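1. Fold the following and give me the result.
(one chain, ligands or ions: 2)
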Amino acid sequence: MKTVILIDEDLASREAMAGWLTDAGWRVVVAEDGEVGLDLIQRHPPELVVCDLLMPRCNGFQLCRTVRKDPQLKDKTKLIVTTASGYMTDRLNATDAGANECVVKPIQRLEFLRLVQALTTGETTLLTRKSTQDNIRFDRPPNVPALPLDDPVRLRFWGVRGSIPTPGPATVRYGGNTSCLEVRADGEIIILDAGTGIAPLGAHLAQEFKGRSFDISILISHTHWDHIQGFPFFEPAYNPANGVRIIGFKGAREGLASTLSSQMESPFFPIRMQQIPANISVEEMRDLKFKIGAVSVEATYLNHPGLCMGYRINTSCGSIAYLPDNEPYQRFKYHTASPETANSVESLEYARRQDQRIVDFIQGADILVIDSQYDATEYQTRIGWGHGCVDDVVALALSAKVKRLFLFHHDPRHNDDFIDKMAEWGSNFVTMLGDTLPVECAREGLEIILPRPQP
Ligand SMILES: [Zn+2]
Ligand SMILES: [Zn+2]
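-> Ligands and ions are numbered 1, 2, ... in the order given. Got it, this is the predicted structure:
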């Protein structure tokens, strides 16, 4: 006779299932909590275990994992998990933990017995799901372009803060959301980074395109929290008619798709990235030049821990360079090199060439948005943290002859008054150097228009 171990804290459920299974010819052993149940399972390996997800002393996820790790049990024992709630994420987590099936209470007798029969005679397949995938592509043709092709180019800041969101009275003017910019150019909506600023942007887009589907592209600079954390709250991703193309580069570890979906795994978030209804594609680029519709995009590696990309978006109305997290090389190298090599010609020449590479990348850009998290005094105690200071950023912008400079990635400790002073200092520094480059601080809600060139 086949044995089933039935573990459920709820007496009524236990008695009902025990009766059905006994009538169906099973030897039924019952337990009220997970720990006792697990002990029974290990001492008398059964053909089948039916356990609830939420049990005292050892929950259903733990129990499944333990059974699947046990060499005596892992192939022999089938596992059915029961749950009162039926949340999709709980069901997926149960199957990830090793359950063969997950049944939502109240359980119907016939359906339950059919499932038991199928499972224990090998008629059913496992509810396994692939949890991550690289380079997921759209599975349907794209939507028509979201915007008229001949509109002027618009840039709007939705999140300008680095590191961590910083709401509160001291940051109302510049804003507390983390990195997110919206660029509308040549028929495309391109989003730069998915920090918490992407949440209000998503709400705005959903309102604007009410009833009309659209595609957008999100360029990810890197996967530090302040650049991806808003994505699970991006409203257009929850409309199945929309297309969301996420573009980035391989990071130091896992693929981009798996890194992005890992922040949505339980226990961090209630639904998984794979459950998002929009047509999502995740593309890891290999080439440093590519196209988004008619817009050509260039990418370059920045100096930041892990791996961080800067982007230059070349549109029909001019170019926008976005270097969200970057520590210019020269002072960094000077301070971090060993004493013997710090002042060596080779070391300084190497650092100069690296900064020149950035200067070439941003050369002549109409707009430069660049990491200037610190002022020069603060930077002295933050060398090697992966961020720049106003003075170095101004020097880079002047060398590259950019037309408009926006200080970005504001430090969470900087209040509005401090950020005002940074812009003022940047402007004074430009004047001291005999130039007229406008220096501003990026501010949430600020919109810049690049007009269409006159023919
Ligand atoms: Zn950052
Ligand atoms: Zn970062």
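2. Who are the contact partners of whichever residue of the stretch 51-200 of the chain sits closest to ligand 2?
-> As assessed by CB to the ion, ligand 2 sits closest to Gly162 within the stretch 51-200 of the chain, at 7.5 Å. Bear in mind the C-beta positions are built from the backbone N, C-alpha and C, glycine included. The contact partners of Gly162, by CB atoms under 8 Å, 6 or more residues apart in numbering, come to Thr178, Ser179, Asp226, Pro324, Asp325, Asp371, Gln373, His387, His409, His410, Asp411, Pro412.
3. switch to 6 Å and redo it
-> Asp226, Gln373, His409 (CB atoms under 6 Å, 6 or more residues apart in numbering).
4. Repeat that for Ala203.
-> Glu235.
5. 10 Å instead?
-> Ala203 is in contact with Phe233, Phe234, Glu235, Pro236, counting by CB atoms under 10 Å, 6 or more residues apart in numbering.
6. separation between the residue nearest to the third one when sequence neighbours are not counted and Thr166?
-> Think Glu235. Leaving out its chain neighbours, the residue that sits closest to Glu235 by CB to CB, 6 or more residues apart in numbering is Gly202, at 3.9 Å. Plainly put, Gly202 is 20 Å away from Thr166 if you go by CB to CB, to the nearest Å.
7. and what of Leu201?
-> Distance from Leu201 to Thr166, by CB to CB: 18 Å.
8. One more: Leu21?
-> 57 Å.
9. Show me the helices in the stretch 201-350 of the chain, by range?
-> Under the criterion DSSP state H, counting those that start in this stretch, the stretch 201-350 of the chain contains helices at 225-228, 256-262, 329-336, 345-362.
10. Which one of the ones you listed lies nearest to Asn428?
-> Across these, Asn428 has its closest neighbour in helix 329-336 (19.6 Å, CB to CB).
11. Buried residues in that closest one, which are they?
-> Tyr329, Gln330, Arg331, Phe332, Lys333 (16 or more other CB atoms under 10 Å).
12. Go through those residues and name the one nearest Cys64.
-> Phe332 (49.1 Å).
13. so what's that closest one up against?
-> Asn303, Ala351, Gln354, Asp355, Tyr379, Ile383, Gly384, Trp385, Gly386, Gly388, Asp392.
14. gap between Glu101 and ligand 1?
-> According to CB to the ion, to the nearest Å, Glu101 stands 43 Å off from ligand 1.
15. now Asn279
-> Taking CB to the ion, one finds Asn279 at 28 Å from ligand 1.
16. Got the confidence number for Glu346?
-> For Glu346, the pLDDT comes out at 76.
17. Could you give the number of residues near it?
-> Neighbour count of Glu346, defined by other CB atoms under 10 Å: 9.
18. and it, how far is that from Phe332?
-> In terms of CB to CB, Glu346 sits 16 Å off from Phe332.
19. would you put the C-alpha positions of the lowest-mean-pLDDT helix or strand in the chain in CSV?
-> Of the helices and strands making up the chain, the lowest-confidence element is helix 329-336, at a mean of 77, by mean pLDDT, DSSP states H and E. The C-alpha trace of helix 329-336 is given here as CSV (Å, rounded to 0.1, in the frame of the first residue of the first chain):
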residue,chain,number,x,y,z
TYR,A,329,40.9,59.6,-13.7
GLN,A,330,43.6,62.2,-13.1
ARG,A,331,43.1,63.1,-9.4
PHE,A,332,41.9,59.5,-8.7
LYS,A,333,45.1,58.0,-10.1
TYR,A,334,47.3,60.6,-8.5
HIS,A,335,45.9,59.8,-5.0
THR,A,336,45.4,56.0,-5.4
